[in-house]
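Undergrad: What follows is a predicted protein model with its sequence.
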Amino acid sequence: MTLNPTHRRKFLAAALPLVALTLACHLPQTAAAADADYEAVVSKGVNYLAGKQAADGSYSAQIGIGPTALATLALLEHGRGVNDPQVAKSLAYLEKAVRDDGGIYAANGRLKNYETCIALICFNKANKDGKYDEVVKNAEQFVRGVQITDTDGVGEEDVNYGGSGYSGKTRPDLSNTAFMVDALVSSGAKEDDEAIQKALIFVGRCQNLESKYNTTKFADKVEDGGFYYTPAVSGDQGDRGTPNGGLRSYGSMGYAGLKSMIYAGVDKDDPRVEAVLKYVRDNFDVSANPGMGQAGVFYYYQTFAKALDAFGEPTITDAAGVAHDWRKELIAELAKRQQEDGSWVNSNTQWMEGDANLATAFALLALADCKESN
């Protein structure tokens, strides 16, 4: 899940004004950060999932195939092989969700794109001997096909252009678009891939930064460099809106935006990169999802860790000048939040994180990106 060397070199240079050059031994550390046992935390989480798999190989099937794909990917990331009985059973379950259109999603088809993207990443991770070549080829074609582009009669001036939504060509959002980019990268797509470059257009319009890349009505309302969920909105935005008619940045979207720009090869001195790195510095936090509190905090951890792993620097200096070893701090936070049975669960049930299987899968994926050898 690490970034390729070309991308990493570009973004190491971008880090200089924002990332601490202090040696890790000079960083202030809490006792928890110093003492957290990574392998013990991971082992407890993996063992928890082992005890929660249903007889058909699924996890929390009542909310779709997403938890199964995420849990299986987490097990693969932590060393379980494709012949592991638990992994093999889940992969067989996911294969049954392969549809005639190439998508991989639950029968109700409510989350076609989201579920296909996660399943595609999972099958790419499992496809060591070509067993899933056809599955991944068709799933990639499906994912590319649901992106909103000029093939749909939508021009670049349209706010929906380049984005992907939950199901088919529905209202696009940054979360699903970032998952689409992740899925394509897992299939070997490079930064100049047409779909990734089109996605970048949509991603740029999700940033609170007025520039030639974002001329939407929201661009100049907040301007903190962070990212919001989607510009393809109308009417009252509720808790996502700001009093002046803007859209509020929040942490998980900030890291989704940063990660997507890294994968799209955006230069280090690009104003979009500089702005989101300032947002990261100003809002560094492992105790909550900045701007959302505990809502979606485990999804935030997964996105935070994957983005910073791709960014390539071990420390981030916050707005107060404090250097943070983000890996150690996140491991410590997840160790503190882990339940006695090895699971993680969010008391804030928004976005289904009250489901322990889903929250545990997100936590284990975040931990996978906290291991520097990955």
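TA: Received the coordinates, thanks.
Undergrad: State the number of residues packed around residue 157.
TA: For residue 157, the count of nearby residues is 7 (other CB atoms under 10 Å). C-beta: built from backbone N, CA, C; applies to glycine.
Undergrad: for residue 202, what are its contacts?
TA: Counting by CB atoms under 8 Å, 6 or more residues apart in numbering, residue 202 touches 160, 161, 162, 163, 172, 174, 177.
Undergrad: And it, how far from residue 165?
TA: Here residue 202 is placed at a distance of 11 Å from residue 165 (CB to CB, to the nearest Å).
Undergrad: do the same with residue 248
TA: For residue 248, the distance to residue 165 (CB to CB) stands at 20 Å.
Undergrad: between the two, who's got more neighbours?
TA: Remark: of residue 248 and residue 165, residue 165 carries more neighbours, 24 against 19, as counted by other CB under 10 Å.
Undergrad: give me phi/psi at that one?
TA: Phi and psi for residue 165, reported as degrees, to the nearest 10, are phi -110, psi -170.
Undergrad: now swap in residue 316 and tell me
TA: Phi and psi for residue 316, reported as degrees, to the nearest 10, are phi -120, psi 130.
Undergrad: what helix or strand is the closest residue to it other than its chain neighbours on?
TA: Spatial nearest neighbour of residue 316, chain neighbours left out: residue 324 (5.1 Å); criterion: CB to CB, 6 or more residues apart in numbering. Assigned by DSSP states H and E, residue 324 belongs to strand 323-325.
Undergrad: for the record, mean pLDDT for that strand?
TA: Regarding strand 323-325, the rounded mean pLDDT is 97.
Undergrad: Figure out how far that strand is from the centre of its chain.
TA: Chain-centre distance of strand 323-325: 21 Å, with CA atoms, centre = their mean, to the nearest Å.
Undergrad: Could you export whichever helix or strand comes after it as CSV, keeping only the C-alpha atoms?
TA: Where DSSP H and E defines the elements, the next helix or strand beyond strand 323-325 is helix 326-337. Listed next in CSV are the C-alpha coordinates belonging to helix 326-337 (Å, rounded to 0.1, in the frame of the first residue of the first chain):
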residue,chain,number,x,y,z
TRP,A,326,2.0,10.0,13.3
ARG,A,327,2.5,6.2,13.1
LYS,A,328,3.3,5.9,16.8
GLU,A,329,0.6,8.2,17.9
LEU,A,330,-2.1,6.5,15.8
ILE,A,331,-1.0,3.0,17.0
ALA,A,332,-1.2,4.3,20.6
GLU,A,333,-4.6,5.8,20.0
LEU,A,334,-5.9,2.6,18.4
ALA,A,335,-4.4,0.5,21.2
LYS,A,336,-6.3,2.7,23.7
ARG,A,337,-9.6,2.3,21.8
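Undergrad: pLDDT of the very next helix or strand once past helix 326-337, averaged?
TA: Using DSSP H and E, the next helix or strand after helix 326-337 towards the C-terminus is helix 356-368. Averaging pLDDT along helix 356-368 gives 98.
Undergrad: Could you do stretch 48-63 as well?
TA: 95.
Undergrad: ends of that stretch, how far apart?
TA: With CA to CA, to the nearest Å as the measure, stretch 48-63 spans 19 Å from end to end.
Undergrad: How far away from the center of its chain is it?
TA: That offset, for stretch 48-63, works out to 22 Å (CA atoms, centre = their mean).
Undergrad: With stretch 138-151 instead?
TA: On CA atoms, centre = their mean, the centre of stretch 138-151 falls 19 Å from that of its chain.
Undergrad: Give the buried residues for it.
TA: 138, 139, 140, 142, 143, 144, 145, 146, 147, 148, 149 (16 or more other CB atoms under 10 Å).
Undergrad: and what of stretch 210-222?
TA: Buried-residue list, stretch 210-222, by 16+ other CB under 10 Å: 210, 213, 214, 216, 218, 219, 221, 222.
Undergrad: on that earlier part again, list the neighbouring strands of the strand holding residue 324 plus their orientation.
TA: strand 315-317 (antiparallel) (DSSP bridges).
Undergrad: could you give me the average pLDDT of the strand it pairs with?
TA: pLDDT averaged over strand 315-317 gives 95.
Undergrad: that older thread, go through the buried residues of stretch 138-151 and flag which are in strands.
TA: Among these, DSSP state E puts none in strands.
Undergrad: Among these, which one lies nearest to residue 276?
TA: residue 147 (22.3 Å; CB to CB).
Undergrad: Quick check: beta-bridge partners of the closest residue to the closest one other than its chain neighbours?
TA: Leaving out its chain neighbours, the residue that sits closest to residue 147 by CB to CB, 6+ apart is residue 164, at 5.1 Å. Taking DSSP bridges, one obtains residue 173 as the residues bridged to residue 164.
Undergrad: For residue 164, grab the count of nearby residues.
TA: 32.
Undergrad: pLDDT weak spots in this structure?
TA: Filtered on pLDDT under 70, the chain yields the residue ranges 1-36, 234-239, 373-374.
Undergrad: Residue 319 in helix, strand or coil?
TA: What DSSP: H, G, I helix; E, B strand; the rest coil gives for residue 319 is coil.
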